[in-house]
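[1] sequence? don't have it. structure:
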C-alpha cells in the first residue's frame with residue numbers, strides 16, 4: 001500500500017508537460033557544459049592563442065595578374081590530382097569545426113573560378129549546426145556577380161572584395177586586365193543582397209594608388225562597405241621595396257587632413273584591421289598594418305593551401321601535407337595529433353622574428369627564412385609521424401617558386417649592397433653577424449645571380465676492430481648500415497635549411513653520398529657531392545650530408561660498442577658563385 005501511495009503521488013498528471021520540462025533542463029545543462037568546455041587543445045598554441053579561423057585556398061588559378069601578387073607570365077600550376085578535392089576540403093573543414101573553428105574563409109587564387117564553388121559553400125553550410133558561424137570568401141569580383149545570389153542562398157555570409165584603384169586605366173595597369181566596372185557592380189550587388197559588411201581590400205602602394213586614399217574614403221559615404229587599406233607586403237615575385245610601402249601613420253594623417261572628424265572604432269579581439277569612420281558616412285575604413293605594427297599576438301588564423309598543406313603562419317615557409325595524410329587513410333585522431341604539433345610550434349610573431357623588433361624594417365634582417373617547425377619536430381616528437389612515408393616530409397620544404405597562394409618569399413631582405421655581394425674580395429668577416437648590432441642575421445642573396453653550384457665534403461668514422469668486422473660481414477640486426485646511412489646523408493642535405501638557422505633553403509638538383517670501408521684505418525670513409533642552380537653555395541649541404549651519414553653509422557652500430565670516433569669532416573672543393581672554384585689543397 002505504501003508503495004502504491006508513493007507511486008500514485010509521484011505519477012505525473014501530464015506526461016507531455018513533464019517531458020517538456022525535462023527537455024528544457026537537459027538543454028540548459030548541455031548549454032552550460034558547452035560554455036564551460038575548454039577550447040580544443042589541438043588548436044591552441046603555446047601562447048594560448050585559440051585558432052577559430054580557418055582560411056582554405058580552393059584553387060591556385062586567378063583571372064587577374066596583379067603586379068604585387070603574381071608575375072605577368074603567371075605561375076606554374078600544381079597538377080589537378082595534387083589539389084584538394086571537394087570531399088577533402090569538406091573533410092578538413094569538418095575536422096576543424098569539430099575542434100572549435102567558427103569561421104571559414106574560401107580564398108584562392110580566385111575562388112569563383114572553381115566550377116563547384118556554389119556547391120562547396122552549400123556543403124560548408126551543413127557544418128553550421130556543428131558550430132560553424134561564418135562562411136566568408138575573398139574575391140576580386142570579376143567573375144563573382146552571376147554566382148553571388150546563389151552563394152548567399154547557400155550560406156555565404158561574409159564577403160571581401162579586392163580592389164586597389166577606382167581609376168579604370170590604373171585598374172588595368174595594376175591587374176593587367178580590364179574589369180573595374182564589373183567589380184563595382186559586384187560590390188553594389190553584395191550590399192543589395194544584404195551582406196554586412198562588404199569589405200573592400202585595398203593594397204596601398206606609393207607612387208601607384210596612394211593618391212586615391214581619399215577617394216576610397218569617399219567611396220564609403222553612401223555605401224555600407226568597410227574599405228581596408230593594407231600595407232604593401234613582400235610576396236614572391238612582386239619586387240617588393242620599402243620605398244613602395246605607405247605606413248599606417250602616414251595614411252591616417254593624410255585622411256585626417258581631409259576628414260578631420262574621423263573617429264576610431266573599438267576593435268574586436270581578433271580584428272586584423274584598425275577601424276575608423278567618418279561621421280555621417282554609411283561605411284567605415286580600416287588599416288591592416290602587417291608591416292608597421294603587426295597583430296601577431298592575437299592571431300587566430302590557420303591556412304590550408306590549395307594542394308592541402310597546413311600553414312600556421314602566412315610569413316612561415318614550413319608546411320605539412322594534410323592531403324597526403326588523408327590519402328594514406330590516416331585516422332581523424334592521428335590527423336589531429338599532427339595538426340596539434342604544427343599549431344604548438346607556431347611562433348609568437350612573424351616567423352620567429354624577435355619580439356622586441358616587430359616593425360617592417362626588421363623583416364629585412366630577419367626574413368621569413370626561419371621555419372615554423374622543422375621536419376625533425378615530427379620525426380622525434382611524434383611516434384605516429386615516424387611511420388608515415390617520405391612524401392609528407394618533403395612537403396615541409398619551403399616553396400621558393402612563385403605562388404598564387406601568397407606565401408612569403410624567403411630571400412626578400414633588402415639589405416645594403418655590401419650585404420648582397422660575395423665576400424671573396426673583401427677582408428675576412430663573419431657574414432652572419434651584423435657589424436653594427438652584433439646580432440645574428442641572414443645574408444641577403446636577392447641581388448646575386450644564379451649560377452651552377454657544386455660542393456664536395458668528406459669525413460670518416462673510425463671503428464673498433466669488433467664493430468668493423470661486424471659491419472664488413474653485414475651482421476647488424478638494424479639492417480644494411482651503409483645503405484641506410486647513405487639515405488640519411490641525402491635526406492640531411494635536403495633539410496640543411498631547417499637544421500642550420502641562418503642557412504638558405506635550396507632546391508637541390510643532385511645529391512650523391514658514398515660510403516666505403518677502409519680496411520687499413522678501420523674506418524667508414526664518407527664523401528658527399530651536392531649540386532644546384534642557385535644564388536648561394538651548397539657547401540653546408542655537403543658538410544651536413546657527411547655529418548648525418550656518420551651519425552647514422554654511429555647510431556646503427558652503437559649496440560656493439562660506443563668507442564667510435566667521427567673525425568676530419570671538411571670541405572674538399574666548391575665551385576660557382578663570385579668566388580669561383582676552390583679546393584682545400586689551395587688553402588694556406
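    On my side now, so go ahead. Quantities reported herein were computed from a predicted structural model and do not represent experimental measurements. Numbering: from 1, shown residues only.
[2] how many other residues sit next to the closest residue to residue 486 other than its chain neighbours?
    Once flanking residues are discounted, residue 486 sits nearest to residue 513: 4.8 Å by C-beta to C-beta, 6 or more residues apart in numbering. Any C-beta I mention is one placed from the backbone N, CA and C, and that applies to glycine too. With neighbours defined by other C-beta atoms under 10 Å, the count for residue 513 comes to 25.
[3] secondary structure element holding residue 513?
    According to DSSP states H and E, residue 513 maps onto strand 510-518.
[4] who's in contact with that strand?
    Identification of contacts with strand 510-518 by C-beta atoms under 8 Å, 6 or more residues apart in numbering yields 460, 468, 471-472, 482, 485-486, 489-490, 493-494, 523-532, 541, 545-546, 549, 553.
[5] each with direction, which strands does it pair with?
    With DSSP bridges as the test, strand 510-518 is paired with strand 523-534 (antiparallel).
[6] if we can go back for a sec, for the strand holding residue 513, buried residues please.
    511, 512, 513, 515 (16 or more other C-beta atoms under 10 Å).
[7] which members of the residues you listed are the farthest-apart pair?
    Spatial extent of the buried residues of strand 510-518 (C-beta to C-beta) is set by the pair 511 and 515 at 13.5 Å.
[8] okay, strands next: where are they in the stretch 251-400 of the chain?
    263-264, 273-277, 284-288, 301-304, 309-311, 320-321 (DSSP state E, counting those that start in this stretch).
[9] partner strands of the fifth one and their direction?
    Using DSSP bridges, strand 309-311 pairs in its sheet with strand 301-304 (antiparallel), strand 320-321 (antiparallel).
[10] of the ones you listed, flag the one that's most buried.
    strand 320-321 (a mean of 25; mean count of other C-beta atoms under 10 Å).
[11] which strand or helix spans residue 454?
    Secondary structure assignment for residue 454, by DSSP H and E: strand 451-462.
[12] any low-confidence regions in the stretch 201-350 of the chain?
    Along the stretch 201-350 of the chain, segments meeting pLDDT under 70 span 233-242, 269-270, 293-295, 350.
[13] now do the domain split for this structure, please.
    Domain assignment for the chain by automatic domain parsing gives 37-159+265-283+293-419, 451-586.
[14] any buried residues in stretch 117-137, and which?
    So, applying 16+ other C-beta under 10 Å, buried residues of stretch 117-137: 117-118, 120-125, 127, 132, 134-137.
[15] in this structure, what helix or strand scores lowest on average pLDDT?
    helix 362-365 (a mean of 28; mean pLDDT, DSSP states H and E).
[16] which residues touch the residue sitting nearest the centre point of the chain?
    Nearest to the mean C-alpha position of the chain, by C-alpha atoms, centre = their mean, lies residue 311 at 3.5 Å. By C-beta under 8 Å, 6+ apart, the contact set of residue 311 is 302, 303, 304, 305, 318, 319, 407.
[17] reformat those residues as TSV; add distance to residue 348.
    Shown next, in TSV, are the contacts of residue 311 (distance: C-beta to C-beta, whole Å):
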residue	distance to residue 348
302	16
303	18
304	22
305	23
318	16
319	19
407	20
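[18] now, which of these sits nearest residue 222?
    The shortest approach to residue 222 among the contacts of residue 311 belongs to residue 303, at 34.9 Å (C-beta to C-beta).
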